[in-house]
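Participant: Everything below, folded, please.
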Amino acid sequence: MNDLFENVSATSADYSAKDIEVLEGLEPVRQRPGMYIGGTDERALHHLAAEVLDNSMDEAVAGHASRIEIELNEDGSLSISDNGRGIPIDPHPKYKDKSALEVILTTLHSGGKFKDGAYATSGGLHGVGVSVVNALSAWLQVEVARDRALFQQSYARGKATSKLDNKGAVSNRRGTKITFLPDDEIFPKTDFKPSRLYKLARSKAYLYKGVEIRWKCPESMIAKDDDTPTQATMHFPGGLRDYLSEALKDKTMVVEEPFAGAAAFPGGAGQLEWAIGWPAYGDGFANYYCNTVPTPQGGTHESGFRAALLKGVKAYGEMTGNKKTKNITGDDIIGTAGTMLSVFIRDPQFQGQTKDKLSTPEAARLVEAVVRDHFDHWLTEAPDRAEVLLRSILERTDERLKRREEREVKRKTAVGRGRLRLPGKLTDCSQQDMDGTEIFIVEGDSAGGSAKQARNRKTQAVLPIRGKILNVASAATNKINANSEISDLNLALGCGMRDKYDGSALRYERVIIMTDADVDGAHIATLLMTFFFKEMPQLVKDGHLYLAQPPLYRIAQGGKVLYARDDDHKDELMETEFTGKGKIEISRFKGLGEMPAAQLKETTMTPANRTLLRIDLPTDSNEAAKTANLLEDLMGKNPEKRFNFIRDNAEFVREKIDI
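Facilitator: All right, here's what the predicted structure looks like:
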């Protein structure tokens, strides 16, 4: 026993200041690329291109550039140039031994977009974009044509490899050109897809009428079944209206004239452009942008746009005496439409560095006010057109209400007459209608007890499962059917499995996997996601499956309490939110069952506060096949495939493992 204490003491003594690693410059980016570009997959790789292109677009939107050139080179590198002002090359006042150019390329949170004046609106506001690209590139070369002279500098993995070199006078060139090659030490695959880059460039040209974008790519890099051109010049003076017309040209429209326009926000707060058309049949699409940056998850500008259309349609219905319009929702108006919305605002706030969702509260009010005024005029100036559109919207409203009524009757009948046998561990919600209801799948009775106390009894159901459910990817069908946990899950959802799946019989709008924020919890969540992928794929495709994001830590100082989802988030909060004096208390949750019900409710189950991750499946057939193959490799019967995957990808693992 004494030997044991001596070993513990020695280990503690060996842990000192020398063991604390301080990452300098751009090393944090290389250590944790996921924090800056969302991962190291194909999407993250192309995010590098978007970051550089956003800087050139900012120059164009600010009125300093009229042309941008994008060229995919034979060696796999990418060149993006503009004819803007050029990045400043004079010595930086804070770092006198470095040019402003080198500071921008080697320092996080540096750039000309923090202070007012340099840019009214911009897409790259965090000051990390081009420096992150530099950090994650095997090499990068920048050329700046400024003040009738050409300057050049080279970098490798975030560090300058040459001095800023004056290459001499130039009279017919200005702006910035950046050429970079993604680092194969960071990305498993470093091949840019021409089709993806071309689509990105084309969308930027639509988003700003004043810019011409030139595209170039070697023919050898374009696949035979890919219709991406080798060269193209893109300039669309009609903006989003042009995009919408192109996207819907083969569709039969409810009304021929789209609702499209552009306007400035009051008080010089920015501007917006929109275009929406209503196809008579088929699915629509929705593309939202802020400062030319795509926001695929929408956000506050989307909310404002929806509110303007909804209030406008209801007001028109009230004016014409149509009482049915009171039942219309935003989805009835936008759900099957082709929608384009682009806003330019000062100092936008995004969720995450990849900027997938706009969170600026003021954007909702600004967009709603401007669009509502124009939409009211659009409806009233052509009553015949407005009546046709209103009838089409009301048809979708009637269909939605009919489906809801059918589900409600089916649910009441099944439960009321005892035809539906529900599992004994299920604590069901009281609301009969599916809309707005959700079921939380939790691990163990302890977590189930906390969740039952924390839930909203009207809309939230809880189903505890015991331990790690069967891995359906490596189990025979008869074993799956005989498994009690899977049987309970199937009965609770009510929609059936495999070829018997019936989406209209699903008893809840959202199915939420809620497991502990540790490795065991992640394993259970993976097994459950595998179950849904294999046995109820349509449920996932229809957008019903979600992952809850419970916190791992509670941090308190005085009356201030915040929650951290993982170690990195905890460290970030400690640096940014708890900088004052006073004792800081950090408590780590052992699991959902150990979390007080009030805290579980506040952090994970109340819709107003929580974060949910929706599980999606790729719509592209090639990507869907890749997903299926990856799942089979990781979860299937063949252990050799798992071993090969781990061997091939172990070098990319940089996260700490919670054991």
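
Participant: Quick check: Gly448 touching Pro423?
Facilitator: No. Gly448 is not in contact with Pro423 according to Cβ atoms under 8 Å; the separation is 12.0 Å. Heads up, the C-betas are built off the backbone N, CA and C, glycines and all.

Participant: which one of the two has more residues nearby?
Facilitator: Gly448 (22 against 17; other Cβ atoms under 10 Å).

Participant: Look up which helix or strand Ala201 falls in, please.
Facilitator: Element membership for Ala201, per DSSP states H and E: helix 194-207.

Participant: Quick one: residues contacting Pro296.
Facilitator: Listed by Cβ atoms under 8 Å, 6 or more residues apart in numbering, the contact set of Pro296 reads 288, 356.

Participant: can you tell me the distance between the two ends of stretch 603-616?
Facilitator: End-to-end span of stretch 603-616 (Cα to Cα, to the nearest Å): 23 Å.

Participant: and it, what's its mean pLDDT?
Facilitator: The average pLDDT for stretch 603-616 rounds to 86.

Participant: cool, stretch 300-319 as well?
Facilitator: Here the average pLDDT along stretch 300-319 is 95.

Participant: For that stretch, C-alpha coordinates in CSV please.
Facilitator: Taking C-alpha atoms only, stretch 300-319 is exported to CSV below (Å, rounded to 0.1, in the frame of the first residue of the first chain):
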residue,chain,number,x,y,z
THR,A,300,-32.9,35.0,-38.3
HIS,A,301,-33.0,36.4,-41.9
GLU,A,302,-35.0,33.3,-42.9
SER,A,303,-37.4,33.8,-39.9
GLY,A,304,-38.0,37.4,-41.0
PHE,A,305,-38.7,36.4,-44.6
ARG,A,306,-41.1,33.7,-43.5
ALA,A,307,-42.9,36.0,-41.1
ALA,A,308,-43.3,38.7,-43.9
LEU,A,309,-44.8,36.3,-46.3
LEU,A,310,-47.1,34.6,-43.7
LYS,A,311,-48.4,37.9,-42.4
GLY,A,312,-48.8,39.3,-45.9
VAL,A,313,-50.9,36.3,-47.1
LYS,A,314,-53.1,36.3,-44.0
ALA,A,315,-53.6,40.1,-44.3
TYR,A,316,-54.6,39.7,-47.9
GLY,A,317,-57.0,36.9,-47.0
GLU,A,318,-58.6,39.0,-44.3
MET,A,319,-58.9,41.9,-46.7
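
Participant: Give the buried residues for that stretch.
Facilitator: Buried positions in stretch 300-319, judged by neighbour count with 16 or more other Cβ atoms under 10 Å: 300-317.

Participant: before we move on, what about stretch 138-153?
Facilitator: Those would be 138-146, 150-151, 153, for stretch 138-153 by 16+ other Cβ under 10 Å.

Participant: out of these, who's nearest Gly503?
Facilitator: Ala138 (47.1 Å; Cβ to Cβ).

Participant: what does the model give the residue nearest to that closest one when sequence neighbours are not counted for pLDDT?
Facilitator: Leaving out its chain neighbours, the residue that sits closest to Ala138 by Cβ to Cβ, 6 or more residues apart in numbering is Asp183, at 4.4 Å. With respect to pLDDT, Asp183 scores 95.

Participant: and Asp183, what is it in contact with?
Facilitator: 136-138, 157, 190.

Participant: cutoff 7 Å now
Facilitator: The contact partners of Asp183, by Cβ atoms under 7 Å, 6 or more residues apart in numbering, come to 136-138, 157.

Participant: out of those, which is most surrounded?
Facilitator: Leu136 (28 neighbours).

Participant: Is that residue in contact with Val29, as I believe?
Facilitator: Yes. With contact defined as Cβ atoms under 7 Å, Leu136 counts as touching Val29 (6.5 Å).

Participant: Now the phi/psi pair for Lys323, please.
Facilitator: Dihedral angles of Lys323 (phi, psi; degrees, to the nearest 10) stand at phi -70, psi -20.

Participant: and the gap between it and Leu379?
Facilitator: Counting by Cβ to Cβ, to the nearest Å, the gap from Lys323 to Leu379 is 17 Å.

Participant: neighbour count winner among these two?
Facilitator: Leu379 (22 against 8).

Participant: surely that one meets Tyr316?
Facilitator: Yes. With contact defined as Cβ under 7 Å, Leu379 reaches Tyr316; the gap is 4.8 Å.

Participant: one step back: can you flag which of the contacts of Asp183 belong to strands?
Facilitator: In strands, judged by DSSP state E, the following of those are found: 137-138.

Participant: Throw the contacts of Asp183 into TSV and include pLDDT and distance to Ser474, thanks.
Facilitator: Output for those, formatted as TSV (pLDDT from 0 to 100; distance: Cβ to Cβ, whole Å):
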residue	pLDDT	distance to Ser474
Leu136	95	36
Ser137	95	40
Ala138	96	39
Arg157	94	41
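
Participant: the strands in the stretch 51-200 of the chain, which residues?
Facilitator: Ranges of strands within the stretch 51-200 of the chain are 67-72, 78-82, 137-146, 149-156, 159-160, 165-169, 175-182, based on DSSP state E, counting those that start in this stretch.

Participant: For the fourth one, give me every contacting residue.
Facilitator: For strand 149-156, the external contacting residues (Cβ under 7 Å, 6+ apart) are 89, 101-102, 105, 134, 138-144, 160-162, 164-170, 173.

Participant: Same check on the second one?
Facilitator: Residues outside strand 78-82 that contact it (Cβ under 7 Å, 6+ apart): 49, 52-53, 56, 59-60, 65, 67-73, 175-180, 192.

Participant: Mind doing that once more with 6 Å?
Facilitator: Residues outside strand 78-82 that contact it (Cβ atoms under 6 Å, 6 or more residues apart in numbering) are 49, 52-53, 56, 59, 65, 68-72, 175, 177-179, 192.

Participant: can you tell me how far Phe350 sits from Thr300?
Facilitator: Distance of Phe350 to Thr300, given as Cβ to Cβ: 10 Å.

Participant: brain fart, Val170
Facilitator: 44 Å.

Participant: Not counting residues beside it along the chain, what's closest to Pro596?
Facilitator: Distances taken as Cβ to Cβ, 6+ apart put Ser450 closest to Pro596, at 7.6 Å, once the chain neighbours are dropped.

Participant: Find the helix or strand that that neighbour is a member of.
Facilitator: helix 444-454.

Participant: From Pro423, how far off is Pro294?
Facilitator: On the measure of Cβ to Cβ, Pro294 and Pro423 end up 42 Å apart.

Participant: tell me the contacts of Val462?
Facilitator: By Cβ under 6 Å, 6+ apart, Val462 lies in contact with 427, 440, 448, 451-452, 455.

Participant: Confirm that it lies within a strand, as I assumed.
Facilitator: Yes. Val462 forms part of a strand when assessed by DSSP: H, G, I helix; E, B strand; the rest coil.

Participant: separation between it and Leu426?
Facilitator: On the measure of Cβ to Cβ, Val462 and Leu426 end up 8 Å apart.

Participant: What is the burial count for Pro596?
Facilitator: 13.

Participant: Need the pLDDT of it.
Facilitator: Here the pLDDT value assigned to Pro596 is 84.

Participant: Can you tell me how far it is from Gly449?
Facilitator: 11 Å.

Participant: angle of the helix or strand hosting Ser342 against helix 194-207?
Facilitator: Using DSSP H and E, Ser342 maps to strand 338-345. Between strand 338-345 and helix 194-207, the angle comes out at 70 degrees (axes from the mean of the first three to the mean of the last three Cα atoms, to 10 degrees).
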